[in-house]
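Novice: sequence plus the predicted model coming up.
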Protein chains: 2
Amino acid sequence: MQRPTVNDIAKEAGVSLATVDRVLNARPGVRARTVMRVNEAIERLGWVRDVAAANLARRRSYRVAFVLPDSRTSFMRALRGAIESAAGLAAFDRTAARIVTAAAFDPTATVRALAGLDGVDGVALMAPETPQVRDAIGRLALAGTPVVALVSDQPNSARNRFVGINNLAAGRTAAQLVGRFARRPDPTVLVVAGSMMARDQMERRLGFDETMLRCFPGATVLPSIEGRDDSDVVAPRLAEALAAHPEVDALYALGAGHRGLVHALGSLGLAGRITVVAHELTPATRAALEDGTIDAVITQDVGHIARSTLRVLRAAIDGTPLDPGQEQIRIEILLRENLPPAG
Amino acid sequence: MQRPTVNDIAKEAGVSLATVDRVLNARPGVRARTVMRVNEAIERLGWVRDVAAANLARRRSYRVAFVLPDSRTSFMRALRGAIESAAGLAAFDRTAARIVTAAAFDPTATVRALAGLDGVDGVALMAPETPQVRDAIGRLALAGTPVVALVSDQPNSARNRFVGINNLAAGRTAAQLVGRFARRPDPTVLVVAGSMMARDQMERRLGFDETMLRCFPGATVLPSIEGRDDSDVVAPRLAEALAAHPEVDALYALGAGHRGLVHALGSLGLAGRITVVAHELTPATRAALEDGTIDAVITQDVGHIARSTLRVLRAAIDGTPLDPGQEQIRIEILLRENLPPAG
DNA sequence: TGCGAAATGAGGAGCGTACCTCAGAAAAGC
DNA sequence: GCTTTTCTGAGGTACGCTCCTCATTTCGCA
């Protein structure tokens, strides 16, 4: 019992192959009655289109571009690596991905990068949300090129979809962990902010404050430190703040610059004595989780993001459905105990 | 600039298409020198085999069978649903999956089910670990049919791979959460065990005890309750145990039967007053997380398991590589705050 | 009833690869 | 040098589907 083919449909429906093809590809010139007969035959046979063969015949290939900021944080490095690796495997599926870098925090550069893309069927974009960028997305959408926002959303734009986590929920999760992991009730909490990817960090902050207030009303949240996502900035500022506030029980690092954080805690002899919750699994946070300097890491799987983006773009390009569960990026909580194996 | 094809390779290498084909498919009768020339041409052109076209020409299709226990827990229902849904989408990729049910805890039934499979290219198996089953796996492997163990591993068998979580680590993670979420230091902990899927639950228990002892030496772990993964058994036994031990601070439910647990806690007025960590996201645990009866759920994404199994089997069937990161099933920690949207 | 328009059939070429056969060329052994 | 073996080339068919053209049938309507 072989899989039925289009020829089987034709026989079953008592029509010609050409008519079956017209129905399958929604070409005009078929009576409604005939369309029904064909569809019934498909139903009866349980035929499913062989997309591989269809794409082959269609000569379809997918050229997609990732437009990323030129930031050099561990997270961005990991994301870039994941995209390259996913693109390597996607090559087998006639998908060619290209990474284009635009200066971080420079909307003009981002817009220029977007405008400079040619011969591209889909675009994945990670950039701060600004009116210029929003307009550039609109132009792409108008030209029929699907755009997905990566990691940091572009709401109110014509973007097709957002691939990343709900950062408000991530902030709330962090608050819950900080509140419950802290060694004392009514803890004093210090927030280490970054600055880049403005929107996602802002949302995390919002969610964090909201849940702290609601679930741990006795806690004190100190004015936050601006670490600019840079270890060299984080280290001295954090050391200073901790010296000024020896009563701090917990730290929430919502941006990058973890090496600086770990270094500051270590040199003050506070590693393992203060509850620390940070974002993103990187070599630094992994090591810190393992040695107990960091208690919990909230992360999004960059490999999943990269693969999901490619799937979403492909589906958008040829209008096929996708499995929503598979494209849901999880807000992962990592403790030392459930750290996935490295590599 | 189109993608190069086999014909381009032939031109570039200055040989015929037939020779290229011989090289590509490792057919005999080509001189080493010629092989090298072809490979260099491939390198130079950056050619990648179009697997879609190749599979079409090969007439390859993948027929896989899932052999599952006939257990009716929420988790099994969810897993079965996920497999059906993944199989539906996989149909587009010339993959036909079939679910075969064998009586739970009946090695003979499992072996019979495995032996009864015919015309199958790969098998996914979820069953308790017994010598008979191990032998049956060995026979399949000998016949060249790859087998993956699902959810509960079959170590020391000829299984090709295990798709599921590290249950030892999951137990450790649970211990960490119980210890840190408990409202008092040195808490008294009650473990609600199940019985089915013996191996995974045993491993969780081992990991749990180990970490409790190491990280929370002051805690008291009471003798565990056998709930048989059945709400109707869990409810009365748990109620009884809690009445006998009013000092219990925390509960670790490592098996199924969550509705019974929630019911017992509710009727004793203890919902939200005892720290509860449970396994698997089901409608019952989701609701309990949302209303605060359960504090944390440790789960494995059934959708991921289903899709990963299909990918792993396909890769095993035609000996292609796979992305290890993508096949790593995560030990997910879910709090109310990072619960993925339902559906 | 006949006419034009709409619907359908028949057939072919092609997508990139696999796999087959047969003839001819090059290398090896004597 | 010759024969025998080993390599290589040329060409065809197939996979399941798309997309095209042109001839033929069917239908609606005046």
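Specialist: Okay, I see it. Here the structure is a predicted model, which is why all the values come from computation and not from measurement. Numbering: from 1, shown residues only, chains lettered A, B, ... in the order given.

Novice: can you list the weak-confidence ranges in chain A?
Specialist: Along chain A, the parts satisfying pLDDT under 70 run over A:1, A:196-197.

Novice: what's the helix or strand for A:G179?
Specialist: In this structure, A:G179 sits in helix A:167-181 according to DSSP states H and E.

Novice: give the contact list for the closest residue to A:E290 other than its chain neighbours.
Specialist: Take A:E290 and drop its neighbours on the chain: the residue closest to it by CB to CB, 6 or more residues apart in numbering or on different chains is A:R336, 5.9 Å away. The way it works is simple: take the backbone N, C-alpha and C, and place the C-beta from them, glycine included. A:R336 makes contacts with A:289-290, A:292, B:176, as judged by CB atoms under 8 Å, 6 or more residues apart in numbering or on different chains.

Novice: and whichever strand or helix holds A:S308, is it in reach of DNA strand D?
Specialist: Assigned by DSSP H and E, A:S308 belongs to helix A:302-317. No. Using CB under 7 Å from any atom of the strand, helix A:302-317 stays clear of DNA strand D, with a minimum separation of 13.4 Å.

Novice: hang on, the earlier thing: paired strands for the helix or strand just after the helix holding A:G179, with orientation please.
Specialist: Counting by DSSP H and E, the element after helix A:167-181 in chain order, helix or strand, is strand A:188-193. Sheet pairing of strand A:188-193 (DSSP bridges) gives strand A:220-221 (parallel), strand A:225-226 (parallel), strand A:250-253 (parallel).

Novice: next, count neighbours for A:G194.
Specialist: 24 (other CB atoms under 10 Å in any protein chain shown).

Novice: and it, its phi and psi?
Specialist: A:G194 has phi and psi values of phi -110, psi -120 when expressed as degrees, to the nearest 10.

Novice: how about the secondary structure of the closest residue to A:N167 other than its chain neighbours?
Specialist: Using CB to CB, 6+ apart and skipping residues adjacent in sequence, the residue nearest A:N167 is A:E203, 3.7 Å away. The assignment at A:E203 comes out as helix when based on DSSP: H, G, I helix; E, B strand; the rest coil.

Novice: go ahead and confirm A:E203 touches A:R172.
Specialist: No. Counting by CB atoms under 8 Å, A:R172 is not a contact partner of A:E203; they are 10.1 Å apart.

Novice: contact partners for the residue in the stretch 201-343 of chain A positioned nearest to DNA strand D?
Specialist: Per CB to the nearest atom of the strand, A:D318 is where the stretch 201-343 of chain A lies closest to DNA strand D, at 10.4 Å. By CB under 8 Å, 6+ apart, the residues touching A:D318 are A:R60.

Novice: rerun that using 10 Å as the cut-off
Specialist: A:51, A:54-55, A:58, A:60, A:62, A:121 (CB atoms under 10 Å, 6 or more residues apart in numbering or on different chains).

Novice: now, which of those residues lie within strands?
Specialist: A:Y62 (DSSP state E).

Novice: return the members of the contacts of A:D318 classed as buried.
Specialist: A:51, A:54-55, A:62, A:121 (16 or more other CB atoms under 10 Å in any protein chain shown).

Novice: got CSV for the strands paired with strand A:188-193, with distance to DNA strand C and mean neighbour count too?
Specialist: Formatted as CSV, the strands paired with strand A:188-193 follow (distance: least, CB to the nearest atom of the strand, whole Å; neighbours: other CB atoms under 10 Å in any protein chain shown):
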stretch, distance to DNA strand C, mean neighbour count
strand A:220-221, 58, 17
strand A:225-226, 52, 18
strand A:250-253, 47, 26
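
Novice: rebuild these as CSV, extending it with distance to B:D249.
Specialist: Below are these laid out as CSV (distance: least, CB to CB, whole Å):
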stretch, distance to B:D249
strand A:220-221, 26
strand A:225-226, 36
strand A:250-253, 22
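
Novice: tell me the contacts of A:F66?
Specialist: A:79-80, A:83-84, A:86-87, A:97-101, A:122-126, A:148, A:150, A:306, A:309-310, A:313.

Novice: for it, give the beta-bridge partners.
Specialist: A:I99, A:A124.

Novice: hang on, the earlier thing: in helices, which of the buried ones among the contacts of A:D318 fall?
Specialist: A:51, A:54-55 (DSSP state H).

Novice: pretty sure A:V23 sits against A:M36.
Specialist: Yes. Between A:V23 and A:M36 a contact is recorded at 9.4 Å, counting by CB atoms under 10 Å.

Novice: quick check: closest non-adjacent residue to A:V233.
Specialist: Nearest non-adjacent residue to A:V233 (CB to CB, 6+ apart): A:G227, at 5.4 Å.

Novice: quick revisit: list the contacts for the residue nearest to A:N167?
Specialist: So A:E203 contacts A:152-153, A:165-171, A:254 (CB under 10 Å, 6+ apart).

Novice: for A:V30, same thing?
Specialist: Neighbours of A:V30 in contact, by CB under 10 Å, 6+ apart: A:15, A:18-23, A:36-38.

Novice: count of residues packed around A:N7?
Specialist: A:N7 has 10 nearby residues by other CB under 10 Å.

Novice: now do the phi/psi pair for it.
Specialist: phi -70, psi -40.

Novice: show me what contacts it?
Specialist: Contact analysis of A:N7 by CB under 10 Å, 6+ apart lists A:17, A:20.

Novice: could you rerun that using 7 Å?
Specialist: A:L17 (CB atoms under 7 Å, 6 or more residues apart in numbering or on different chains).

Novice: same thing with A:N156?
Specialist: So A:N156 contacts A:R134 (CB under 7 Å, 6+ apart).

Novice: look up how far DNA strand C lies from A:D153.
Specialist: 37 Å (CB to the nearest atom of the strand, to the nearest Å).

Novice: I'd guessed that residue sits against A:V163; true?
Specialist: No. A:D153 lies out of contact with A:V163 (CB atoms under 7 Å); the separation is 9.2 Å.

Novice: domain ranges for chain A?
Specialist: A:6-48, A:62-164+A:302-329, A:167-299 (automatic domain parsing).

Novice: distance between the ends of the first one?
Specialist: Between the opening and closing residues of domain A:6-48 there is a gap of 9 Å (CA to CA, to the nearest Å).

Novice: now swap in stretch A:127-135 and tell me
Specialist: End-to-end for stretch A:127-135, by CA to CA: 13 Å.

Novice: hang on, the earlier thing: narrow the contacts of A:R336 to those in strands?
Specialist: Counting by DSSP E, the contacts of A:R336 contribute nothing to strands.

Novice: what sits against A:R286?
Specialist: A:339, A:342.

Novice: quick check: phi and psi at it.
Specialist: phi -60, psi -50.

Novice: how near is it to A:S157?
Specialist: 34 Å (CB to CB, to the nearest Å).

Novice: quick check: angle from the helix holding A:S308 to helix B:302-317?
Specialist: 90 degrees (axes from the mean of the first three to the mean of the last three CA atoms, to 10 degrees).

Novice: on contacts alone, who are the packing partners of helix A:302-317?
Specialist: Packing partners of helix A:302-317 (3 or more CB pairs under 7 Å, 6 or more residues apart in numbering or on different chains; DSSP states H and E): strand A:62-69, helix A:74-90, strand A:95-102, strand A:122-125, strand A:147-150, strand A:161-163, helix A:324-327, helix B:324-327.

Novice: TSV for these, including distance to B:I9?
Specialist: Output for these, formatted as TSV (distance: least, CB to CB, whole Å):
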stretch	distance to B:I9
strand A:62-69	22
helix A:74-90	20
strand A:95-102	18
strand A:122-125	29
strand A:147-150	34
strand A:161-163	36
helix A:324-327	35
helix B:324-327	30
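
Novice: quick one: closest of these to B:V67.
Specialist: helix B:324-327 (19.9 Å; CB to CB).

Novice: any chance of the ones in helices among the buried ones among the contacts of A:D318 in JSON lines, with distance to B:G218 too?
Specialist: Formatted as JSON lines, those follow (distance: CB to CB, whole Å):
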{"residue": "A:V51", "distance to B:G218": "59"}
{"residue": "A:A54", "distance to B:G218": "64"}
{"residue": "A:N55", "distance to B:G218": "62"}
